[in-house]
Each structure stands twice: as structure tokens, then as C-alpha cells.
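Participant: need a structure here:
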Amino acid sequence: MNGELHGIWRIIPSPAITEIIAQSKFDFQIFDCEHGSYDFQTLENDIRACHLHHCASYVRVGGLNQAEVQRCLDLGAQGIIFPQLQNYDDFKQATLMVKYAPEGTRGFNPFVRAWSYGFKTGIDKTPLCIVIVESLKAVEDLDNILSLSAIDMIYIGSYDLSAQLGCAGNVADPKVLNMVETIIKKCTQASVRVGLMISDPDQYKTYKSLGVSAFMHTIDSDQLKKAFTRTINELNSKGIL
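Facilitator: Got it, this is the predicted structure:
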């Protein structure tokens, strides 16, 4: 996971949408099992579509559930994104779940998709551990959390932070922006990759200048609705409809 990366959140299970996004040259897709409609069958199909088009596949799980993490990794997910983490101990537990013993707690089964259904050495590389900082408790404990060398990326959950700061949904509120900048600064100082969601080129330029190197271009549902709405609005603006 080197260089600048661009991805998108996914809440609509669809191998066709996965292919389209991958063919559009996004670096990764995040299949959302916390807020999305995925189950393990639809998740496997979208992970497979990602792999066929050389696009990285990450899964946001529902929380610190070892069985869920193992199943997602066995399906071939190349990284796990952990939400709802509160303190150092939670973040530490997350880093252990993506690694086999003795370094971690992940169960080993060589007869799954991640190992080409029969123990192929080197096929299942160590997946990424991506953790979300989305609570005030996590922000308070961030210095300790950043000492965990097994964390591959910090994702800033601006929307959850906005709710806890009393301005739910308003991620442009100065309280949220100031906290996001503080998190970015601490992550870059600790040489930990940091990612967040952006919605326009100006945000991209701003956050890139601050040290962000992983950009989520909103969500599949948002992108689809904007595209269809734009089509109708263009017809309306020309008096066709």
C-alpha cells in the first residue's frame, strides 16, 4: 500500500458495480458490513470481482468479532476496517485479529479462497489493519494508539465525530474540522498513513497538503444518485422536461 490511494465506500452489493469501479481505476473498494447490505455470499462475489480487475478489496466489519473477521479474510479480503473502537486496548485487539498465531489471534484454514482452496504458500499475504478513529475517547487516546506498529492506516470517521461534538452530519463545523486536522497532524508525525472521505477537488487539495494520502470518494449510492440527478437536472435546465 504505497503512494497516494483513491477508493470508494460500498453499501450496494453488486459484482457489476464492483467491476465498473475497478475499471474506472480506483485503487480500492471498501465493502461495508456495518452499514451496507452485504452478507457473506454477496461479499465473496464482490471480492472476487475486485481481484479479477486488480483492485484492492477491504471490508468494514461490524466490530471486534473474531469469527466475522476470519470469514472475511478467508473469502480473500485484503484488509479489514475496524469501527467502533474506543481505546488503546480495542485498537490493539484489532491488530491481532488480522494475524495468525503466534503474532495474532486469527484462525488458520488452508482450504479457503484466500489460500486457493488448498494451502498455496504465499497466496494469503498479511492483510491490512485499518482502524477508524471516530470517537472522542479514541481521539483522547490517539498518542498511545499510534504507538501500535501493526496499524496500517487510520481512517478518520468525521460523521461519527460530528455527532459526538453536537453537530451531527455537519462535517464542515469548525469543531469537526479542527479535530480532523489535529488527528491528521498526529498521524503524519507518527508516520502512520491517514485517510478520510472527500466530496470535491478543493477538499482533496486541502487534505493532501496536510498529509492525507488515502482518499475515499464518498459512497456508491451517493455517486449513483448524483449521476442520475445530474442527468435530469441538465434536461430541466434546457427546458426539455
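
Participant: hang on, Ile30 is in a strand, isn't it?
Facilitator: Yes. If the criterion is DSSP: H, G, I helix; E, B strand; the rest coil, then Ile30 is within a strand.

Participant: can you offset everything so residue one is 450?
Facilitator: All set: I'll call the first residue 450, so the last point we hit is now Ile479.

Participant: how near is it to Asn627?
Facilitator: 26 Å (Cβ to Cβ, to the nearest Å). No exception for glycine: its C-beta is placed from N, CA and C like everyone else's.

Participant: Neighbour count for those two, which is higher?
Facilitator: For the pair Ile479 and Asn627, the greater number of neighbours falls to Ile479 (24 against 11), based on other Cβ atoms under 10 Å.

Participant: if I pick the more buried one, what's in contact with it?
Facilitator: Neighbour list for Ile479: Gly456, Ile457, Trp458, Arg459, Tyr507, Val508, Arg509, Ile530, Met665 [criterion: Cβ atoms under 8 Å, 6 or more residues apart in numbering].

Participant: Leu513 too?
Facilitator: Leu513 neighbours (Cβ under 8 Å, 6+ apart): Phe531, Gln533, Leu534, Asp539, Gln542, Ala543, Met546.

Participant: Identify the residues contacting the closest residue to the first one other than its chain neighbours.
Facilitator: Across the structure, with Cβ to Cβ, 6 or more residues apart in numbering as the measure, the residue nearest Phe531 apart from its sequence neighbours is Ala543 (4.2 Å). Taking Cβ under 8 Å, 6+ apart as the definition of contact, the neighbours of Ala543 are Leu513, Ile529, Phe531, Leu534, Cys578, Val580.

Participant: again, 7 Å this time
Facilitator: Leu513, Phe531, Leu534, Cys578, Val580 (Cβ atoms under 7 Å, 6 or more residues apart in numbering).

Participant: what's the distance between the third one and Thr680?
Facilitator: Leu534 is 40 Å from Thr680, where distance means Cβ to Cβ.

Participant: Same question for the last one.
Facilitator: For Val580, the distance to Thr680 equals 38 Å [Cβ to Cβ].

Participant: what are the ranges of the strands in this protein?
Facilitator: 454-459, 477-481, 505-509, 528-531, 577-582, 602-605, 643-646, 663-668 (DSSP state E).

Participant: Just put these in CSV and tack on distance to Lys674 and mean pLDDT.
Facilitator: Output for the strands of the chain, formatted as CSV (distance: least, Cβ to Cβ, whole Å; pLDDT from 0 to 100):
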stretch, distance to Lys674, mean pLDDT
strand 454-459, 14, 98
strand 477-481, 16, 98
strand 505-509, 21, 98
strand 528-531, 23, 98
strand 577-582, 24, 98
strand 602-605, 23, 98
strand 643-646, 16, 98
strand 663-668, 10, 97
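
Participant: Columns distance to Gln519 on top of the ones you listed, output as a markdown table?
Facilitator: Converted to a markdown table, the strands of the chain look like this (distance: least, Cβ to Cβ, whole Å):
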| stretch | distance to Gln519 |
| --- | --- |
| strand 454-459 | 21 |
| strand 477-481 | 16 |
| strand 505-509 | 12 |
| strand 528-531 | 10 |
| strand 577-582 | 14 |
| strand 602-605 | 20 |
| strand 643-646 | 24 |
| strand 663-668 | 25 |
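
Participant: For Asn494, find the nearest of the ones you listed.
Facilitator: strand 477-481 (10.2 Å; Cβ to Cβ).
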